[in-house]
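Undergrad: just coords:
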């Protein structure tokens, strides 16, 4: 229980710092780019995440679980083979799905999201996906070995790079076209992911030297898919509903008489300001979710069921407590915080509507580990 607790506390601290940096990034982005460019970026972002889930196939979760089990059972010769198989599957998935997504982007932007200004941003997001996927594989590999620190530092590095580029580079892309500004912001996201991947690759290379190399004579494709596909189905459902969110939201607003540009801006304010603020306390359940997968897998591999139940129960209780406390604070003071932190011009009262719902969001969603964020 000691290593589990230490890993959780360390990850909570690092994710808390990362969340603070993320808020700095969002505040600078809103102030430099303006509400319309932020609206375009935030409208494209759920589609970007859905593309990742579609291509990723839930493989990172399978890697983390399998490597934790093999490491606990001292079957170190399997660890490298599992990782190599996962990389091959991911590469094939990228090659198969990317062309379909590429040709679907204009239809998604024009017909579903009602804004052709999103096309360029979505194209840049597509070229960012392979970087995110391979970065996620290495994170899962290290988490399976209970090496939490490198993944946490990689996340901090990514946030620092994004903040620096937003402040230094983004002003050069500010023009009369919010579409260009949003696309530049997506490009900055891609650059941050590149730095994160390079940082993680160093630790992956060091860790892989500890394990035996060569063929074990065992195919790991089936064990990977046995875990990955069920988790991929759950994650795809969640990201698909998020993908539908801006489509339905923007359609409802345009039907009510609001112009497409104004509707996109309003969606960007809600999804880029209010929701991130509500999810800020979720760094604790997020840390638990990351640490819990290898911890539970290791306990299960050792047939230590009392320890397994204890870890899950404590994690769920803490997550519930955090959700209730955060929802209460945001219900009372949330709207004032959005005006102070993000310089919104008016108190729209959205936080009082959203805060009670986010008790369940923090409790449930944050126990489904994602590739980042």
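TA: Yep, it's here. All values reported here derive from a predicted model rather than from experimental measurement. Residues are numbered from 1 along each chain as shown.

Undergrad: I'd like the average pLDDT over the helix or strand in which residue 291 is found.
TA: Per DSSP states H and E: residue 291 is located in helix 283-301. The average pLDDT for helix 283-301 rounds to 71.

Undergrad: just checking, what packs against that helix?
TA: With contacts taken as 3 or more CB pairs under 8 Å, 6 or more residues apart in numbering; DSSP states H and E, helix 283-301 sits against helix 2-33, helix 59-72, helix 119-144, helix 148-168, helix 305-342. For glycine as for every other residue, the C-beta is placed from the backbone atoms N, C-alpha and C.

Undergrad: measure residue 336 to residue 9 for me?
TA: 31 Å (CB to CB, to the nearest Å).

Undergrad: which of the helices and strands packed on helix 283-301 sits closest to residue 193?
TA: Judged by CB to CB, the one of the helices and strands packed on helix 283-301 that comes nearest to residue 193 is helix 119-144, at 4.5 Å.

Undergrad: buried residues in that closest one?
TA: Buried residues in helix 119-144, counted by 16 or more other CB atoms under 10 Å: 119-126, 128-144.

Undergrad: before we move on, what about stretch 145-165?
TA: Those would be 145-148, 150-163, 165, for stretch 145-165 by 16+ other CB under 10 Å.

Undergrad: chain center to that stretch: distance?
TA: Counting by CA atoms, centre = their mean, to the nearest Å, stretch 145-165 is centred 13 Å from the centre of its parent chain.

Undergrad: 798 is where my numbering starts, stick with that
TA: Okay, using 798 as the starting number, the last item reads as stretch 942-962.

Undergrad: so for that stretch, mean pLDDT?
TA: Stretch 942-962 carries an average pLDDT of 85.

Undergrad: contacts for that stretch, please.
TA: By CB atoms under 8 Å, 6 or more residues apart in numbering, the residues outside stretch 942-962 that reach it are 800, 804, 807-808, 811-812, 814-815, 818-819, 821-822, 825, 864-865, 868, 876, 932, 936, 939-940, 985-986, 988-990, 992-993, 996-997, 1000, 1004, 1087-1088, 1091-1092, 1095, 1169.

Undergrad: what angle do the helix holding residue 1088 and helix 916-941 make?
TA: Counting by axes from the mean of the first three to the mean of the last three CA atoms, to 10 degrees, helix 1080-1098 lies at 50 degrees to helix 916-941.

Undergrad: report the distance from helix 1080-1098 to the chain centre.
TA: Put simply, helix 1080-1098 sits 17 Å off its chain's centre (CA atoms, centre = their mean).

Undergrad: for the stretch 948-1097 of the chain, give me the ranges with low pLDDT.
TA: Residue ranges of the stretch 948-1097 of the chain with pLDDT under 70: 972-973, 1007-1015, 1087, 1090-1091.

Undergrad: do a quick rundown of the strands in it.
TA: Counting by DSSP state E, counting those that start in this stretch, the stretch 948-1097 of the chain has no strands to list.

Undergrad: what's the distance between residue 1002 and residue 994?
TA: With distances taken as CB to CB, residue 1002 is found 12 Å from residue 994.

Undergrad: who has more neighbours out of those two?
TA: Neighbours per residue, other CB atoms under 10 Å: of residue 1002 and residue 994, the larger number sits with residue 994, 22 against 10.

Undergrad: report the contact partners of the more buried one.
TA: Residue 994 makes contact with 928, 931-932, 935, according to CB under 8 Å, 6+ apart.

Undergrad: and if we set it to 7 Å?
TA: If you count contacts by CB atoms under 7 Å, 6 or more residues apart in numbering, residue 994 has them with 928, 931-932.

Undergrad: chain neighbours aside, what residue packs nearest to residue 981?
TA: What sits nearest to residue 981 in space, not counting adjacent residues and going by CB to CB, 6 or more residues apart in numbering, is residue 970, at 3.8 Å.

Undergrad: enumerate every residue touching that neighbour.
TA: With CB under 7 Å, 6+ apart, residue 970 has these contacts: 977-978, 981.

Undergrad: please repeat the previous calculation with a cut-off of 10 Å.
TA: 829-830, 834, 977-982, 984-985 (CB atoms under 10 Å, 6 or more residues apart in numbering).

Undergrad: got these as JSON lines, with distance to residue 1070 columns?
TA: Below are these laid out as JSON lines (distance: CB to CB, whole Å):
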{"residue": "829", "distance to residue 1070": "15"}
{"residue": "830", "distance to residue 1070": "13"}
{"residue": "834", "distance to residue 1070": "14"}
{"residue": "977", "distance to residue 1070": "22"}
{"residue": "978", "distance to residue 1070": "17"}
{"residue": "979", "distance to residue 1070": "16"}
{"residue": "980", "distance to residue 1070": "21"}
{"residue": "981", "distance to residue 1070": "20"}
{"residue": "982", "distance to residue 1070": "15"}
{"residue": "984", "distance to residue 1070": "22"}
{"residue": "985", "distance to residue 1070": "19"}
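
Undergrad: show me how to select, in PyMOL, the buried members of these.
TA: Those of the contacts of residue 970 that count as buried under 16+ other CB under 10 Å are selected in PyMOL with:
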select buried, resi 829+830+834+977+978+979+980+981+982+984+985
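
Undergrad: from the contacts of residue 970, which land in helices?
TA: Counted as lying in helices by DSSP state H, out of the contacts of residue 970, are 829-830, 834, 977-982, 984-985.

Undergrad: of the contacts of stretch 942-962, buried ones?
TA: 804, 808, 811-812, 815, 818-819, 821-822, 825, 864-865, 868, 876, 932, 936, 939-940, 985-986, 988-990, 992-993, 996-997, 1000, 1004, 1087-1088, 1091-1092, 1095, 1169.

Undergrad: so which of the helices and strands packed on helix 1080-1098 is nearest residue 900?
TA: Residue 900 lies closest to helix 916-941 among the helices and strands packed on helix 1080-1098, at 10.7 Å (CB to CB).
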